[in-house]
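In: got a predicted structure here, sequence first:
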Amino acid sequence: MAQKGFLINSAECTGCKACELACKDVHSFEIGPRARIVREVCGGGWTVDEKTGACTPAQVFSYSVSYSCGHCENPACVEVCPTGAHHKDEETGIVSITADDCIGCQSCVKACPYGAPQFVEAKTITEKCDMCAELQAHGEEPACVAICPQRALKIGDIDELIDSVRGPSPLEPPPMRESSIRALRTAIAVALYIMSPFMVILLRSPWGIGAMFLFIAAATGLLIYNSMTKPHYARADDTIVEEFKEWHVKNDRQRDALNAFKGAYWSIVVGIYLFVSFLFGIWSFSWILFIMAAAVENIIKGVVALRR
């Protein structure tokens, strides 16, 4: 059985609610019930500088979502309807209500987890989206799709709609040889960072400082090259809710990983500073390690930000 469905592109939707108004108009819905609803999804927060009072946005996001009946594969409203007023078309998968058979018991309203069936007190029956089946029978688009000024709302076979937004197929995992090379480059970069201050100690001249900066530059270059050549993996988005959940979890993990990295990184820097300073008594210029470490940290942060 084919299954028709709607696809909303939230990146294009402006939240104008034209689809919501068109739906009410074409179905002559009473005031109150809505077969299509447009909602704004927003989140994030602000950080306030205690000294200046300046506000800075922190992971603020906002987008609009237009949704209606999902015309489920196994609709709960059809299962609980005592009169059979709710029925699912075998050819299109559209779930409709036959008004003459509806007794207004509201069993469907209670059973639907998405709130699609709406009870209309003036008619004592329930109504919902039927994908404008009559308009489609005459070769026209549903009212909500036809009126959308951004063309953000589409209708079609649900499998075809999903395929249209999947994008490229996920990349195969990189071969073991490439993974080994990337790991080797990272190991070399770490070794160069560790060895860089010893150039000053061994050479005890301006050449030593130059060699130290050369080592740091080479190590940073290796890390940047590793980051820029890292394969991307395409993910097939399922729903907006799942996308938001994944975004939230990903940001939490990134924040935890960054905090762990900074703790380990600066512990190593302080350790190198104390070791070199106590062992060789070069307190007069060993402090330069902190300037170099801060520069390297900012470079790494910049590379990570570019990769997001």
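Out: Thanks, I have the structure now. Residues are numbered from 1 along each chain as shown.

In: could you pull out the helices in the stretch 201-308 of the chain for me?
Out: Secondary structure of the stretch 201-308 of the chain (DSSP state H, counting those that start in this stretch): helices at 206-228, 240-280, 283-286, 288-307.

In: I should have written the stretch 1-150 of the chain there, sorry.
Out: Under DSSP H, counting those that start in this stretch, the stretch 1-150 of the chain gives helices at 18-27, 76-80, 107-111, 133-137, 143-147.

In: winner for burial among these?
Out: Counting by mean count of other Cβ atoms under 10 Å, helix 143-147 has the highest mean neighbour count of those, with a mean of 21. (Each C-beta comes from the backbone N, C-alpha and C, glycine too.)

In: output that one as CSV, nothing but the C-alphas.
Out: Taking Å, rounded to 0.1, in the frame of the first residue of the first chain, the C-alpha atoms of helix 143-147 are listed here in CSV:
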residue,chain,number,x,y,z
ALA,A,143,-4.7,24.0,0.1
CYS,A,144,-1.8,24.2,2.6
VAL,A,145,0.8,23.1,0.0
ALA,A,146,-0.6,25.3,-2.8
ILE,A,147,-0.7,28.5,-0.7
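
In: C-terminal to it, what's the next element?
Out: strand 153-157 (DSSP states H and E).

In: about what we covered before: do you know which of the helices of the stretch 201-308 of the chain lies nearest Cys108?
Out: Nearest to Cys108, of all the helices of the stretch 201-308 of the chain, is helix 240-280, at 22.9 Å by Cβ to Cβ.

In: before we move on, the earlier item: comparing the helices of the stretch 201-308 of the chain by mean pLDDT, which bottoms out?
Out: Sorting the helices of the stretch 201-308 of the chain by mean pLDDT places helix 240-280 lowest, at a mean of 68.

In: so which of the helices of the stretch 1-150 of the chain comes closest to Lys51?
Out: Of the helices of the stretch 1-150 of the chain, nearest to Lys51 by Cβ to Cβ is helix 18-27, at 45.5 Å.

In: what's the angle from the closest one to strand 153-157?
Out: Calculated by axes from the mean of the first three to the mean of the last three Cα atoms, to 10 degrees, helix 18-27 forms an angle of 60 degrees with strand 153-157.

In: which strand residues bridge the closest residue to Asp49 other than its chain neighbours?
Out: Distance criterion Cβ to Cβ, 6 or more residues apart in numbering; nearest residue to Asp49, sequence neighbours excluded, is Thr56 at 7.4 Å. Judged by DSSP bridges, the bridge partners of Thr56 are Thr47.

In: and the pLDDT at Thr56?
Out: Reading off the model, Thr56 has pLDDT 82.

In: residues contacting it?
Out: Applying Cβ atoms under 8 Å, 6 or more residues apart in numbering, we find Thr56 in contact with 46-49.

In: quick check, nearest of these to Pro142?
Out: Trp46 (39.7 Å).

In: now that closest one: how far from Pro57?
Out: Per Cβ to Cβ, to the nearest Å, Trp46 is found 6 Å from Pro57.

In: got the domain ranges for the protein?
Out: Per automatic domain parsing, the domain ranges recorded for the chain read 4-166, 176-307.

In: quick check: which of those is buried the most?
Out: On a mean-neighbour basis (criterion: mean count of other Cβ under 10 Å), the most buried of these is domain 4-166, at a mean of 16.

In: isn't Phe290 right up against Tyr273?
Out: Yes - with contact defined as Cβ atoms under 8 Å, Phe290 reaches Tyr273; the gap is 7.0 Å.

In: which residues sit against stretch 133-149?
Out: For stretch 133-149, the external contacting residues (Cβ under 8 Å, 6+ apart) are 6, 14, 16, 18-20, 22-23, 25-26, 36, 66, 68, 89, 92, 94, 96, 131-132, 153-155.

In: residue contacts, Ser96?
Out: 86-89, 130, 133.

In: tell me the pLDDT of it.
Out: At Ser96, the pLDDT value in this model is 91.

In: how far away is it from His86?
Out: For Ser96, the distance to His86 - Cβ to Cβ - is 8 Å.

In: lovely, talk soon.
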